[in-house]
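Mind folding the following:
(one chain, ligands or ions: 3)
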Amino acid sequence: KMKIIIGIGGVTNGGKTTLTNRLVQTLPNCCVVHQDDFFKKTDQIEVGEDGFRQWDVITALDMESMVNTVKGWQENPVKFARSHGVNLSPEAEESNPENTGLHILIVEGFLLYNYKPLLDIYDKRYFLAIPYEECKRRRSTRTYTIPDPPGLFDGHVWPMYLKHRKEMENSGDCIEYLDGRKSRDELYNEVYESIQNLLLNNS
Ligand SMILES: Nc1ncnc2c1ncn2[C@@H]1O[C@H](COP(=O)(O)OP(=O)(O)OP(=O)(O)O)[C@@H](O)[C@H]1O
Ligand SMILES: NC(=O)c1ccc[n+]([C@@H]2O[C@H](CO)[C@@H](O)[C@H]2O)c1
Ligand SMILES: [Mg+2]
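Numbers count the residues shown, from 1 in each chain. Ligands and ions are numbered 1, 2, ... in the order given. Have a look, this model is predicted:
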C-alpha cells in the first residue's frame, strides 16, 4: 500500500487553503490536515512585550495534537478517510486483497517546516510566497476568529514570517517554492502536474 504526504506551506494569505481545497477535490483518496485547526484557545496565547497576542509562533499551536492526527492517518489511512468523509476508490478500500491503492495526505499550514517532529514526514514540500505589499493587502480583507488588532501585521505577523522563513531556509530541507501571485488556476495546474510526476517516480 502506498502512502504519500504532501506539505503545502507558506506565508499567511499566500493561498494555501485555496490551493489545498482544489487539490483535495481532484486527487484520489486524498485526506487533509489543516494546521489552523490546531490553534490553542485565545486565553492560552501568550501576550508579548509588544502587547500583541503571539499567534504566529509554533507555541500558539497544539503541535502534539497535530502530530497525533498525522500519525493516525499514517497508521490507518482507510479508517482516517472514512471518519473524515473522504471517498475511497475501489483499489484503496481495505476489501481489495491486493491493497494496491494509493493514499495521499495533504498537510497545509503557515508553520509546517519549522517543527522538527514533522519535518521528515513529507514526500514533497511546497511553499507559497507573496511579497509584503500583497500579503498585507490580502490579510486586511480577512477576518479571523480573533480579528487582527491594529498594527498586528507589521508588528508581529510579518516579522515572525521573516524569522521563520530564514530558519526554514537554513535547515537545508528540499522545498519547492511557488509564486502565490500567479492565478489560482495556474497554481493548481502547476502543483497538480508536479504531484503527478512525484507519483510516477514513486511507483
Ligand atoms: N492565486 C491567488 N490569487 C489571488 N488571490 C488569491 C489566490 N489564492 C487565494 N487568494 C485569496 O487570498 C486570500 C487568502 O487565501 P487563502 O485563505 O487560500 O490563503 P491561506 O494561505 O490559507 O491564508 P491563511 O493564512 O489565512 O491560512 C483569500 O482572500 C483568497 O481568496
Ligand atoms: N484560527 C485562529 O484561531 C486564528 C486566530 C488569530 C489569528 N490567526 C492567524 O492565522 C494565520 C495562520 O493561518 C496566522 O497568521 C494567525 O495570525 C488565526
Ligand atoms: Mg488558510
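
got the residues of this protein near ligand 1?
With CB under 6 Å from any ligand atom as the criterion, the chain comes near ligand 1 at residues 10, 12-18, 36, 110, 138, 141-142, 182-184, 187. (Each C-beta comes from the backbone N, C-alpha and C, glycine too.)

Out of the residues you listed, list just those in strands.
Cross-referencing the residues of the chain next to ligand 1 with the strands (criterion: DSSP state E) gives G10 as the overlap.

Show me the residues of the chain next to ligand 1 that map onto helices.
In helices, judged by DSSP state H, the following of the residues of the chain next to ligand 1 are found: K16, T17, T18, R138, R184, L187.

so where do the strands sit in the chain?
If DSSP E is used as the criterion, the strands of the chain fall at 2-10, 30-34, 102-109, 124-129, 176-179.

What pairs with the third one, parallel or antiparallel?
I take that to be strand 102-109. Applying DSSP bridges to the sheet, strand 102-109 is found paired with strand 2-10 (parallel), strand 30-34 (parallel).

How far does it sit from its chain's centre?
Strand 102-109 has its C-alpha centroid displaced from the chain centroid by 9 Å (CA atoms, centre = their mean, to the nearest Å).

near ligand 2, anything from it?
No. Using CB under 6 Å from any ligand atom as the criterion, no contacts between strand 102-109 and ligand 2 are found, and the smallest distance is 6.9 Å.

Mind listing residues that contact that strand?
The set of residues external to strand 102-109 that reach it, using CB atoms under 8 Å, 6 or more residues apart in numbering, is 1-9, 16-17, 20, 23-24, 27-36, 70, 73-74, 77-78, 81, 91-92, 118, 121-122, 199.
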